[in-house]
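Novice: model this:
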Amino acid sequence: MDFTVKKAIFPVGGLGTRFLPATKAMPKEMLPVVDKPLIQYAVEEARAAGIEQFIFVTGRGKTAIEDHFDSSAELRSTLLARGKQDLWHSIEAIALDAGRISYTRQPEPLGLGHAVWCARSMIGDEPFAVLLADDLILGEEPCLKQMIEAYRELGGVMTAVMDVPREHVDRYGILDVGHDDGRLIDVKGLVEKPTAARAPSQIAVIGRYILHPRVFEHLDRQQRGAGGEIQVTDAIAKQIGRMPVNGYRFAGRRFDCGDKVGFLEANLAFALSRADMADDVRRVLKRFNC
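Specialist: Okay, the predicted model is just below:
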């Protein structure tokens, strides 16, 4: 199999209940970090990694995502009439080329594995990436680009991983670790949301995956795992021994934007990383004795 990764799935069908009431009528993936919605950061990361086909697994109330990546003749004419060409060019850059974006529905939120399975007919017999917009990563090189460069040599399945405190292991899929060279980790096993006492390590899977189409063989069975959901980690675990399964410690800082404090932290970090805002943000923080 060719190890080139050209397709990416963006599961965006979740309800966003942790951000209610803000997400009652707005998709959680459209929550802005500084001046861009979460989903735009994920798409830009995929573009920078060479992804050519963008597949969104949506649900009810997610049409704002489709509109965001579409062109807008009305906005174009308004901005250009007001002499705001630079602003229009920044908006124009958001739109994805015709024929490179697809949408499919997840009828009910049955877990990440189910969302990935819903896009199976668009994948075919080639490896593909999965990006969760909730996991926002700030770094010099996009996380998925780092992973794809490593994946070209290895194939199989690869997940982004990070070390987490033992008291947090029950929030993640946790690796049973074989060889670990500091960046690449040979995965011997994978447990979804174990208790601290049962966790085989403190190395956690986060929301970046490169998957082999064989994962659909397991996902087709629609078996429920942790939390009564169809888990993509269970499908990955079934590939161990059949193909290389690796964890990848990426260079960069990850923010859990599915959590209110993590989302606030991401806004501060991204604002402080921008030359046009950093000084003003620092002055604001000083007012709070930060």
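Novice: how close does G252 get to A8?
Specialist: G252 sits 18 Å away from A8, going by C-beta to C-beta, to the nearest Å. In this view, the C-beta of every residue, glycine as well, is placed from N, C-alpha and C.
Novice: between these two, which is the more surrounded one?
Specialist: Legend: neighbour count by other C-beta atoms under 10 Å for G252 and A8, higher for A8 (26 against 15).
Novice: pretty sure the more buried one sits against L132.
Specialist: No. In this structure, A8 is not within contact of L132 by C-beta atoms under 8 Å, at 11.2 Å.
Novice: once you drop chain neighbours, what's closest to G182?
Specialist: R249 (6.9 Å; C-beta to C-beta, 6 or more residues apart in numbering).
Novice: can you check Y172 too?
Specialist: Using C-beta to C-beta, 6+ apart, the closest residue to Y172 is A204 (3.6 Å).
Novice: give me phi/psi at R254?
Specialist: Here is the backbone geometry of R254 (degrees, to the nearest 10): phi -100, psi 140.
Novice: and the residue lying closest to it once chain neighbours are set aside, how close does it get to G207?
Specialist: Distances taken as C-beta to C-beta, 6+ apart place I137 nearest to R254, at 5.0 Å, with adjacent residues excluded. In this view, I137 and G207 are 9 Å apart by C-beta to C-beta.
Novice: contact partners for M26?
Specialist: With contact set as C-beta atoms under 8 Å, 6 or more residues apart in numbering, M26 has these partners: A64.
Novice: wait, the residue nearest to G182 touches V177, no?
Specialist: No. In this structure, R249 is not within contact of V177 by C-beta under 8 Å, at 11.4 Å.
Novice: which neighbours do the two have in common?
Specialist: With C-beta under 8 Å, 6+ apart as the test, R249 and V177 both reach I185.
Novice: and the helices in this protein?
Specialist: For the chain, helices defined by DSSP state H occupy the ranges 38-48, 63-68, 73-81, 85-92, 112-118, 143-154, 215-219, 232-237, 260-272, 278-287.
Novice: what residues does the fourth one touch?
Specialist: Defining contact as C-beta under 8 Å, 6+ apart, one finds that helix 85-92 is touched by S71, S72, L75, R76, L79, L80.
Novice: could you redo the last one with a cut-off of 6 Å?
Specialist: If you take C-beta atoms under 6 Å, 6 or more residues apart in numbering as the criterion, helix 85-92 is touched by R76, L79, L80.
Novice: okay if I get those as a markdown table plus neighbour count and distance to A197?
Specialist: What follows is these, written out as a markdown table (neighbours: other C-beta atoms under 10 Å; distance: C-beta to C-beta, whole Å):
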| residue | neighbour count | distance to A197 |
| --- | --- | --- |
| R76 | 13 | 58 |
| L79 | 19 | 57 |
| L80 | 12 | 62 |
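Novice: what about K24, neighbour count?
Specialist: Around K24 there are 11 residues (other C-beta under 10 Å).
Novice: for it, give me its contacts.
Specialist: So K24 contacts nothing (C-beta under 6 Å, 6+ apart).
Novice: wait, what's in contact with S121?
Specialist: Counting by C-beta under 6 Å, 6+ apart, S121 has no contacts.
Novice: which residues in the stretch 101-250 of the chain form strands?
Specialist: 101-105, 128-131, 135-138, 157-163, 173-180, 184-192, 203-211, 245-249 (DSSP state E, counting those that start in this stretch).
Novice: of those strands, which is nearest A119?
Specialist: Across the strands of the stretch 101-250 of the chain, A119 has its closest neighbour in strand 101-105 (5.6 Å, C-beta to C-beta).
Novice: what mean pLDDT does the closest one get?
Specialist: If you average the pLDDT over strand 101-105, you get 93.
Novice: partner strands of that strand and their direction?
Specialist: strand 53-58 (parallel) (DSSP bridges).
Novice: quick one: the partner strand to helix 38-48, angle?
Specialist: Interaxial angle, strand 53-58 versus helix 38-48 (axes from the mean of the first three to the mean of the last three C-alpha atoms, to 10 degrees): 160 degrees.
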